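Asker: Return a 3D structure for these sequence lines:
(one chain, ligands or ions: 1)
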Amino acid sequence: MENEIYDIIIIGSGLGGLAAATLLSRKGFKTLVVERKGRLGGRFSTVEYKGFKLPTGAIIIPDSWTIKLLKDLRIDMSYLRPVSRVYYRINGEDYEVNVDIGLPMVLDLIDKLEKEKEQKDGRKIKPVNLKNIINGYLRGKRGIKREEIFTVHDWLLQFTENEKVHEVIDNLCAALMMAHSWELPVLKFFKFKEIKKFYVSSKGNISVANELAGVVKENGDVWANCPVKKIAIKNGKATGVVVEKDGKEIEVKSKVVVSDTGPKMTVDLAGQKNFDDKYLEDLRVRLRPSPSLLVFVASDRPLVLEGINDGIEIMMGGRRIRTVVPISNICPELAPSDQHLLYSSVEPISCIHPVDAKCEIQQIKRDLNEMFHDFKKHGRILKIKACFSENQCPEGWTWLGYGLPLETPIPNLYNVGDACVALGLIGTTGSVESGYRMADIIENKLNNKK
Ligand SMILES: Cc1cc2nc3c(=O)[nH]c(=O)nc-3n(C[C@H](O)[C@H](O)[C@H](O)COP(=O)(O)OP(=O)(O)OC[C@H]3O[C@@H](n4cnc5c(N)ncnc54)[C@H](O)[C@@H]3O)c2cc1C
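Answerer: I've put the predicted structure just below:
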């Protein structure tokens, strides 16, 4: 095995790595995926916990590049359940929002509720000025650059101070763009590509990862439990990896090495001295790992959206909890038969500053007690998982619009995954799309050498 030459070695079996590996394998290139853990999929995987099947990161699969990949590879998708309804809980009431109208409809709803409240309470409320916001938003989407230097929050202040409107927009930024509205430049916000339909895997995301690994194995190998210790660099070029396999370190050679581990780890594995200052500076500026606390709540009755099996809910007015996915409403298979499971990926107060995990957990607990009337009686926290860059598991390696190039300064060495998202994309969608670009670059490179 030591001298076997693969066309491509991919370090890490995250979605970006697996997307590139499957596409290259189907194009006829001999591909090896090496994964340090025993399970595949990285932040798109599943762990068994007290009878529940818990996601390691992503739960919602947007109807975009991941679905395209499964279709292109002709992988069975019958176990993916559609999620097409979005609800807002405002002042304790649930309102369904037509996803085709999206943001304008939410703002319109808030406008109406605020006016009702104003009449009822006889108290003046800061006006929403809906028309101006929508026009400003559409102008921004058309690419007007006047607002370039503003954060989303500052841009919105031009139109309204209304706290609820600011909360809606911040929810959107934190949940979908990896940074708060007071952190993200508005120009990046305007580039976001909206997706209106989603899926949840009823067998857990690990099934999707395993199906993808099956495709790689048609023309290559997938090694789990094999941490890469080093990317071999000879005469300034990447020539393979040193990997621990069955307790021994071996060198495996390849024409190209692709790292799905995040660019910082790539630099560590290949040796910082091999990268130029400009590249390292780019990493410092553009890598913005977004922290998250993954909250799983178990209960003996549904805590939200009872009887609705294709919806998610956005909770307004809380401290930390925003979007909640009632996983077991959509896929009862992921919880024991008499139990329900709620998922929320919670952004801390800042996506830049170090997280005070203890304080964040306190705020989450307060939210749970106040937001869900049945929580005290029927629910319990199953698990809270810290998804921070320190444990190699941020919600995203960078924010919307900050993706790094796939190429590195070292010939034959590339990055893939959500640090390399294209403009407007994020999460699983961005990771898979980076895998498509990666496969094209490598195909051209290796075919031109033949
Ligand atoms: C809490 C949370 C919630 C999220 N929610 C959503 C969501 O609902 N929808 C969505 O679209 N996206 C979501 N995301 C983002 C999504 O999960 C990621 O963008 C995507 O899965 C990242 O894929 P990746 O290709 O970058 O690789 P990763 O998933 O980061 O995989 C990298 C792999 O490399 C392996 N590795 C690392 N070092 C080595 C080494 N030395 N040797 C061998 N292997 C190594 C790791 O073990 C891992 O398996 C969420 C993420 C988190 C954390």
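Asker: Determine the longest helix present in this protein.
Answerer: Assignment by DSSP state H gives helix 427-449 as the longest helix of the chain.
Asker: Any buried residues in that one, and which?
Answerer: Within helix 427-449, the residues that count as buried by 16 or more other CB atoms under 10 Å are 427-439, 441-442, 446. Quick note: C-beta positions are derived from backbone N, CA and C, even for glycine.
Asker: Please list which of those residues also come close to the ligand.
Answerer: 427-429, 431 (CB under 6 Å from any ligand atom).
Asker: need these in JSON lines with pLDDT, can you?
Answerer: Shown next, in JSON lines, are these (pLDDT from 0 to 100):
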{"residue": "Gly427", "pLDDT": "97"}
{"residue": "Thr428", "pLDDT": "98"}
{"residue": "Thr429", "pLDDT": "98"}
{"residue": "Ser431", "pLDDT": "98"}
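Asker: Out of these, the closest to Gly17 would be?
Answerer: Ser431 (8.5 Å; CB to CB).
Asker: for that closest one, what are its contacts?
Answerer: Ser431 makes contacts with 14-16, 19, 44, 416-418, 421, as judged by CB atoms under 8 Å, 6 or more residues apart in numbering.
Asker: which two in those are spaced the farthest apart?
Answerer: Phe44 and Val421, at 14.4 Å, using CB to CB across those.
Asker: Comparing the two, which residue is more hemmed in?
Answerer: Counted by other CB atoms under 10 Å, Phe44 and Val421 do not tie: Phe44 has more neighbours, with 29 against 26.
Asker: Is that one in a helix, a strand, or coil?
Answerer: coil (DSSP: H, G, I helix; E, B strand; the rest coil).
Asker: So it is in contact with Leu69, correct?
Answerer: No. Taking contacts as CB atoms under 8 Å, Phe44 lies outside contact range of Leu69: 11.8 Å.
Asker: What residues does the stretch 201-350 of the chain have near the ligand?
Answerer: Residues of the stretch 201-350 of the chain lying near the ligand (CB under 6 Å from any ligand atom): 227-228, 260-261, 265, 292, 294, 345.
Asker: which of the contacts of Ser431 tops the neighbour count?
Answerer: Ranked by the number of neighbours (other CB under 10 Å), these place Leu15 first, at 35 neighbours.
Asker: Report the separation between the two terminal residues of stretch 419-431.
Answerer: End-to-end distance for stretch 419-431: 8 Å, by CA to CA, to the nearest Å.
Asker: Find out how far that stretch is from the centre of the chain, if you would.
Answerer: Its chain's C-alpha centre and that of stretch 419-431 lie 8 Å apart, by CA atoms, centre = their mean, to the nearest Å.
Asker: just stretch 60-77 next, same as before
Answerer: Its chain's C-alpha centre and that of stretch 60-77 lie 16 Å apart, by CA atoms, centre = their mean.
Asker: Output the ones next to the ligand among the buried residues of helix 427-449 as JSON lines; include the columns distance to Ile314.
Answerer: Output for these, formatted as JSON lines (distance: CB to CB, whole Å):
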{"residue": "Gly427", "distance to Ile314": "17"}
{"residue": "Thr428", "distance to Ile314": "20"}
{"residue": "Thr429", "distance to Ile314": "19"}
{"residue": "Ser431", "distance to Ile314": "24"}
